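Peer 1: give me a model of this one.
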Amino acid sequence: MKAVSLTKEISSTSYPGRGIVLGRSADGRKAVIAYFIMGRSENSRNRIFVETADGIKTEAFDPSKLVDPSLIIYAPVRVLGNKTIVTNGDQTDTIYDLMNQQLTFEQSLRTREFEPDAPNYTPRISGIVKCTGGKMNYALSILKSADGDPDCCERYTFTYDSPLAGKGRFIHTYMGDGNPLPSFEGEPTLVEIGDDDIDAFAQKVWDALDSDNKVSLFVRYIDIETGKADSRIINKNK
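Peer 2: Just a heads-up that it's a prediction; the model follows:
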């Protein structure tokens, strides 16, 4: 598989939905994480990312306009020791809690399935990055309905040991806009991470997202040797 431009891949559709990018910087020193959310409805667009003690959470930008918080208010990013968890829903907490009880990433997600938002049945996408002893690895997961049939949950986990410098993987909830929304298909896309600093990288990803549908973006660079993290948040609502 040949790596493609991350920004071109993101901008190739007006509605990839929610997306996770995990990878390694071109100099090999940083683990790179990006998570974005988009929205078509007023309720979905009425959100911002807010920092927490161990990651971020979503909040309503205008609480008076919040209709149904069940699938849009959650903690996308949490840190458990030397592991950073990033997901598109409240399965972040499931992974955190069950891994803290010595279950694996994959075992934790066996307790969950796609979102109950018929007819879309939005996939649950999840990622985890581990940095220890000067090395990193990561994994990505998607839980999705069987071509829109909610009677079957399809579960895929992709693991990447000693990731190559300058490369990453990109997974998102939808293949594009539609009604119902078509779920992501195939292996997470191999993308070029490049050699940008965190600010330039965050701005490039933000600019690649459709201007009407983008809502918020979170980017984190983790020093693989020291574990020190540097993060950025961009919210459309200010």
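
Peer 1: in the helix or strand bottoming out on mean pLDDT in the chain, which residues are buried?
Peer 2: Lowest mean confidence among the helices and strands of the chain (mean pLDDT, DSSP states H and E): helix 42-45, at a mean of 94. Neighbour-count burial for helix 42-45, counted by 16 or more other CB atoms under 10 Å, picks out 43-45. (Each C-beta comes from the backbone N, C-alpha and C, glycine too.)

Peer 1: got a list of contacts for that helix?
Peer 2: 37-39, 65-68, 72, 213, 215, 236-237 (CB atoms under 8 Å, 6 or more residues apart in numbering).

Peer 1: end to end on stretch 27-45, go ahead and measure it.
Peer 2: End-to-end distance for stretch 27-45: 36 Å, by CA to CA, to the nearest Å.

Peer 1: just stretch 171-182 next, same as before
Peer 2: End-to-end distance of stretch 171-182 (CA to CA): 14 Å.

Peer 1: then stretch 214-231?
Peer 2: End-to-end distance for stretch 214-231: 19 Å, by CA to CA.

Peer 1: quick one: the strands in the protein, in order.
Peer 2: Along the chain, counting by DSSP state E, strands occupy 4-5, 19-24, 30-38, 47-51, 55-60, 77-80, 83-87, 124-132, 135-146, 149-161, 167-172, 189-192, 214-223, 229-235.

Peer 1: quick one: distance of the last one to the chain centre.
Peer 2: On the basis of CA atoms, centre = their mean, to the nearest Å, strand 229-235 is displaced by 14 Å from the centre of the chain it belongs to.

Peer 1: cool, the third one as well?
Peer 2: Here strand 30-38 shows a centroid-to-chain-centroid distance of 6 Å under the convention CA atoms, centre = their mean.

Peer 1: for the longest one, same thing?
Peer 2: In terms of CA atoms, centre = their mean, the centre of strand 149-161 is found 15 Å from the chain centre.

Peer 1: what's the answer for the fifth one, then?
Peer 2: Counting by CA atoms, centre = their mean, strand 55-60 is centred 13 Å from the centre of its parent chain.

Peer 1: which elements pack onto that strand?
Peer 2: If you count contacts as 3 or more CB pairs under 8 Å, 6 or more residues apart in numbering; DSSP states H and E, strand 55-60 packs onto strand 47-51, strand 77-80.

Peer 1: which one of these lies closest to Pro150?
Peer 2: Across the helices and strands packed on strand 55-60, Pro150 has its closest neighbour in strand 47-51 (25.6 Å, CB to CB).

Peer 1: quick revisit: distance to Thr94 added to the buried residues of helix 42-45, as CSV?
Peer 2: Formatted as CSV, these follow (distance: CB to CB, whole Å):
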residue, distance to Thr94
Asn43, 23
Ser44, 22
Arg45, 26
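
Peer 1: for these, which one is nearest Lys130?
Peer 2: Lys130 has its nearest neighbour among those in Ser44, at 30.9 Å by CB to CB.

Peer 1: show me which residues of stretch 88-103 are buried.
Peer 2: Those would be 88-92, 94-96, 98-99, 103, for stretch 88-103 by 16+ other CB under 10 Å.

Peer 1: centroid-nearest residue for the chain?
Peer 2: In the chain, the centroid-proximal residue (CA atoms, centre = their mean) is Ile20; its distance is 2.8 Å.
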